[in-house]
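Undergrad: with the input below, show me the fold.
(chains A and B)
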Protein chains: 2
Amino acid sequence: MTILRRKALLAPIAAALATPALLRGAFAQSAGQPAAPALSQAPGYYRFRLGDYIVTTVHDGFSRRPVEGLVRNAPTAEVQAVLAEAFMPTTTYDGVYTVPFVDTGRLLIAFDTGTGGQMGPTSGLLARNMQAAGIDPARVGLVVITHCHRDHIHGLTTAEGQAVFPNAEVAVGEIEWAWWSDPGNESRSPEGQRVNFANVARRFAPYQARLRRYRDGEEVAPGIRAIAAYGHTPGHMIFHVADGAEELMLLADTTHRPEVFARRPGLHSLFEFDAAMAEVTRRRVLDRVAVDRVRVAGYHFPFPATGHIARDGEGYRFFPVEWS
Amino acid sequence: MTILRRKALLAPIAAALATPALLRGAFAQSAGQPAAPALSQAPGYYRFRLGDYIVTTVHDGFSRRPVEGLVRNAPTAEVQAVLAEAFMPTTTYDGVYTVPFVDTGRLLIAFDTGTGGQMGPTSGLLARNMQAAGIDPARVGLVVITHCHRDHIHGLTTAEGQAVFPNAEVAVGEIEWAWWSDPGNESRSPEGQRVNFANVARRFAPYQARLRRYRDGEEVAPGIRAIAAYGHTPGHMIFHVADGAEELMLLADTTHRPEVFARRPGLHSLFEFDAAMAEVTRRRVLDRVAVDRVRVAGYHFPFPATGHIARDGEGYRFFPVEWS
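TA: As a prediction, the model looks like this:
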């Protein structure tokens, strides 16, 4: 082992994460230029059974931002220490996106829609990965929106405003819908969230004739029940999916990346509408799925974005699923 | 959250892991019957850059065995508690197999060879996943054998004894080779390991003209250095791979599944030739990769079988790689 050189604590992290050429290959491919097979990555989808239901998590890529400013209520150095513990980069933060699909056999349901390729060059892989997974957007019968942030609803439409899911009903929580569809709420929203009003109008426009609203506790499909998880947005919802003896909690944005915000549930990300309420919700939901050992999926969890949550010290730890 | 039912501690674990129909689909496909796209899993390979080298980990499936008997020096209940903490099944244990390939640009190297589809119906996916990854066995120029257990060398040949890698040199550690190629050592080997003598003769047979031996500290290819890690077998070797500033440690069987044997490095699996020596090696290697924060890959790690090792309490914890 003497050939191993000691080195500064963080150097190998940055090095391990620096795969720009591979990324360029992936995104060149999505732009129509097939990368050489020897350089391409496996398609980003993961499939498992839940009772008789089939769940597929489909990766949409990520957006990179500085760590500086990510957390509102702790110094950057404290956030960097949490990131380093998880072997993540400490100057940049990749917000990953993975959309869960549930196929009940009678109905194919998408929970949120990804970025639609309209949030920068490192995301927008959903369409290609859906194709690899054999998921035709025309076969999606229901799109359930957990909340109305851009990275969850941009994918409802193309940049030109065409519906991406031509045959889908769209279901949105009634409290969430009431908030963002009323321009009178704009001045009552945090400044960074005001962009959502115009975007909600635009993204839902082609679905007006097939829009429905759901309430806390309502089944949006057999065995799939909405649960209020307010705070991240005014009407943010999560979903309990059960078939037979098996169950899954779709956590949506209860936490952003679990390596940071489940490990340290008291940290407030800049993405929260009401950070204090979001923290109360986050602690309640994480504790319940940990105690009950319920399988979870999270929209911003590392791909394949499903696994379990366990209590660990003052916070929680995410255990990724076993690939099978 | 009131709709969540409390349940017995372990029930959801078994349920979450029970995906037999999906598995049947995967293995039917490998037998030549394409599964319906809606049921198939993404191909099991993962690719990343390491300097100018390209590393691809390719999944070969798993073998399932009872937890009872897996660990020699602790009661089954203690092992089950470790498994439960990691959300793994507690009556069966899936030994997964993932073969790392390193492409230096001039030479494509395989580190071990998988089961060759000759160790039961739930393994033998390597050929199909190599094809998906664009890795042609005829392009492999070097096969490095870390040690001579069956699940690492069966894949050298077909069941009929044909070489699977028609153009490859095969490199094996000199101490490892000396042990298993001398029938006089059979009576000095643990009973469960004696099967390896005949198997080594059989699997290496078609490669005799292109067999070479390597020593501790030797570079088997530029930047790829063998490091003695004896105990798991008499001559078990691991590999330090470096290109430019980036490095990777191929841990081979330093630990079996890290959820058990890195968390509790003092546990002795039934796979060890000399369990006491293997434990000393395991603690030394894990501690060094944890302190130096070196990226690792492990043959029996959960797919994609690469990430980092950190100290945690009395043991270590595996942090899977970020998918990119």
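Undergrad: can you check the pLDDT for A:Ile227?
TA: The model reports A:Ile227 with a pLDDT of 98.
Undergrad: where does it sit relative to chain B, distance-wise?
TA: According to CB to the nearest CB, to the nearest Å, A:Ile227 stands 6 Å off from chain B. Where you see a C-beta, it was placed from the backbone N, CA and C, and this is true even at glycine.
Undergrad: hang on, that residue in a strand?
TA: Yes. Secondary structure of A:Ile227 (DSSP: H, G, I helix; E, B strand; the rest coil): part of a strand.
Undergrad: the stretch 101-250 of chain A against chain B: which residues are in contact?
TA: Taking CB under 8 Å from any CB of the partner chain as the criterion, the stretch 101-250 of chain A approaches chain B at residues A:103, A:132-135, A:217, A:225, A:227, A:240, A:245-247.
Undergrad: so of those residues, which ones are in strands?
TA: By the criterion of DSSP state E, membership of these in strands covers A:103, A:225, A:227, A:240, A:246-247.
Undergrad: rebuild these as TSV, extending it with neighbour count and distance to B:His154.
TA: Formatted as TSV, those follow (neighbours: other CB atoms under 10 Å in any protein chain shown; distance: CB to CB, whole Å):
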residue	neighbour count	distance to B:His154
A:Asp103	21	37
A:Arg225	18	48
A:Ile227	19	49
A:His240	19	44
A:Glu246	22	35
A:Glu247	24	39
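Undergrad: chain B: which of the residues of the stretch 101-250 of chain A next to chain B is nearest?
TA: Distances from chain B to these, taken as CB to the nearest CB, are shortest for A:Gly134 (2.8 Å).
Undergrad: correct me if wrong: the closest one contacts B:Ala42.
TA: No. Judged on CB atoms under 8 Å, A:Gly134 makes no contact with B:Ala42 at a distance of 10.6 Å.
Undergrad: give me the more crowded residue out of the two.
TA: B:Ala42 (20 against 16; other CB atoms under 10 Å in any protein chain shown).
Undergrad: that one reaches A:Phe48, doesn't it?
TA: No. In this structure B:Ala42 lies outside contact range of A:Phe48 using CB under 8 Å: 11.4 Å.
Undergrad: ok, which pair from the residues of the stretch 101-250 of chain A next to chain B is furthest apart?
TA: A:Ala132 and A:Gly217 (35.6 Å; CB to CB).
Undergrad: for chain A, which element, helix or strand, carries the lowest mean pLDDT?
TA: Least confident helix or strand, chain A: helix A:11-17 with a mean of 34, by mean pLDDT, DSSP states H and E.
Undergrad: give me the secondary structure label for A:Tyr316.
TA: Applying three-state DSSP: A:Tyr316 is strand.
Undergrad: for the helix or strand hosting A:Ile54, which residues meet the burial criterion?
TA: For A:Ile54, the element it lies in under DSSP states H and E is strand A:53-66. Residues A:53-63 are the ones in strand A:53-66 that count as buried (16 or more other CB atoms under 10 Å in any protein chain shown).
Undergrad: of these, which are in range of chain B?
TA: Within those, those near chain B by CB under 8 Å from any CB are A:54, A:59, A:62.
Undergrad: tell me the phi and psi of A:Val79?
TA: phi -70, psi -40 (degrees, to the nearest 10).
Undergrad: residues near it, how many?
TA: The burial count for A:Val79: 21, using other CB under 10 Å.
Undergrad: ok, A:His152 - contacts?
TA: A:His152 makes contact with A:112-114, A:145-146, A:252-253, A:299 under the criterion CB atoms under 8 Å, 6 or more residues apart in numbering or on different chains.
Undergrad: highest neighbour count among the residues you listed?
TA: That'd be A:Gly114 among those, by other CB under 10 Å, with 30 neighbours.
Undergrad: how far away is that residue from chain B?
TA: 16 Å.
Undergrad: and that residue, which of the three is it?
TA: Going by three-state DSSP: A:Gly114 is coil.
Undergrad: was I right about it contacting A:Asn129?
TA: No. Between A:Gly114 and A:Asn129 there is no contact under CB under 8 Å: 9.4 Å.
Undergrad: overlap in contacts, those two.
TA: By CB under 8 Å, 6+ apart, the residues touching both A:Gly114 and A:Asn129 are A:Asp60.
Undergrad: show the pLDDT at the residue nearest to A:Leu70 when sequence neighbours are not counted.
TA: Counting by CB to CB, 6 or more residues apart in numbering or on different chains, the nearest residue to A:Leu70 once its immediate chain neighbours are dropped is A:Tyr93, at 5.3 Å. pLDDT for A:Tyr93: 98.
Undergrad: next: A:Trp323.
TA: Value for A:Trp323, per-residue pLDDT: 88.
Undergrad: again with A:Gln33
TA: 36.
Undergrad: repeat for A:Leu22
TA: So A:Leu22 comes in at 42 (pLDDT).
Undergrad: from the ones next to chain B among the buried residues of strand A:53-66, which is closest to B:Val195?
TA: Closest to B:Val195, out of all of those and judged by CB to CB, is A:Ile54, at 40.0 Å.
Undergrad: quick check, the closest one in contact with A:Asp103.
TA: Yes. With contact defined as CB under 8 Å, A:Ile54 and A:Asp103 form a contacting pair (4.5 Å).
Undergrad: what's the helix or strand harbouring A:Gln80 in contact with?
TA: Taking DSSP H and E as the definition, one finds A:Gln80 inside helix A:76-85. Around helix A:76-85, the neighbours that count as contacts under CB under 8 Å, 6+ apart are A:9-10, A:13, A:67-71, A:89-91, A:93, A:259-260, A:263-264, A:267, B:310.
Undergrad: now the buried members of those.
TA: A:13, A:67, A:70-71, A:89-90, A:93, A:259-260, A:263-264, A:267, B:310.
Undergrad: all strands for the stretch 151-300 of chain A, in order.
TA: Using DSSP state E, counting those that start in this stretch, the strands of the stretch 151-300 of chain A run over A:169-173, A:211-214, A:219-221, A:224-228, A:237-243, A:246-250, A:295-297.
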